[in-house]
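Asker: This is the structure alone, sequence omitted:
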Ligand SMILES: [Mn+2]
């Protein structure tokens, strides 16, 4: 069975529909794995819920991995169900209103809670694991705490975990930290074709793209965002290792842009 891993949706419903249409042309029976952060920030969380439910009615295999925003929005959705007249003063007001107006609060809660039960997903038959944030490369996958796997993110000028990972736990596909293009970390021995880390958060909610990755074929498919481009995202620096990185910064930097 083919598997597509889909990056951070953040409530970008029309982009999800466009990407799924594109993926359906590749293989309408492929498994769809979502890397997390399904609903918050973007304009159409209700469309995301509707689309996922509709695909399940069609017997599509859909796997939801927990993002840090699933944990944030779960409490807000629960509160909105329990206290329907209370305003949400937080920046999640739009997400809650859109779900309530579409009468999808309960369905959204079910999807979010389902995702929260799955910190990582090992794709059957492939040495590939999907996580929202990543791992501690010193500890390795098995010893990295769940909270770290969901939410690890280097500060703007700090080194991202993936530059220190040696590939011992196989290919790790993540989202969570947006860049203009997918981040691709090649295997350190340089001979094997498949990378050891791929980050497919291409900032759809900030005007970037929504990206899917097929690990088996090491292939990206993406659609442009319909959201206004946010200035911090435009000016965002590309992820790059420090100059004294053991692997040699220049060749890693060239290859990471190849996606
Ligand atoms: Mn995230």
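Answerer: On my side now, so go ahead. Since this is a predicted model, take the numbers as computed values, not measurements. Numbers count the residues shown, from 1 in each chain.
Asker: so who does residue 8 touch?
Answerer: For residue 8, the contacting residues are 35, 36, 37, 67, 175, 176, 178, 201, 204, 205, by CB atoms under 8 Å, 6 or more residues apart in numbering. Backbone N, C-alpha and C define where each C-beta goes, glycine included.
Asker: nearest residue to the residue in the stretch 101-250 of the chain that the ion sits nearest to other than its sequence neighbours?
Answerer: Residue nearest to the ion within the stretch 101-250 of the chain: residue 176 (3.9 Å; CB to the ion). Nearest residue to residue 176 in three dimensions, chain neighbours excluded: residue 133, at 4.7 Å (CB to CB, 6 or more residues apart in numbering).
Asker: repeat for residue 237
Answerer: Leaving aside its sequence neighbours, residue 237 sits nearest to residue 156 (CB to CB, 6+ apart; 7.3 Å).
Asker: Could you report the neighbour count for that neighbour?
Answerer: When counting by other CB atoms under 10 Å, one arrives at 8 neighbours for residue 156.
Asker: thought residue 53 was touching residue 106?
Answerer: No: at 11.4 Å, residue 53 and residue 106 do not qualify as touching, with contact defined as CB atoms under 8 Å.
Asker: of these two, who's got more company?
Answerer: Neighbour count, other CB under 10 Å: between residue 53 and residue 106, residue 53 has more, with 15 against 11.
Asker: Would you enumerate the residues in contact with the residue of the stretch 101-250 of the chain closest to the ion?
Answerer: Contact analysis of residue 176 by CB under 8 Å, 6+ apart lists 8, 35-37, 67-68, 132-134, 151-153, 199, 201.
Asker: now with 7 Å?
Answerer: By CB atoms under 7 Å, 6 or more residues apart in numbering, the residues touching residue 176 are 8, 67, 132, 133, 153, 201.
Asker: tell me the least confident of the residues you listed?
Answerer: Checking pLDDT across those, the minimum falls on residue 153 at 92.
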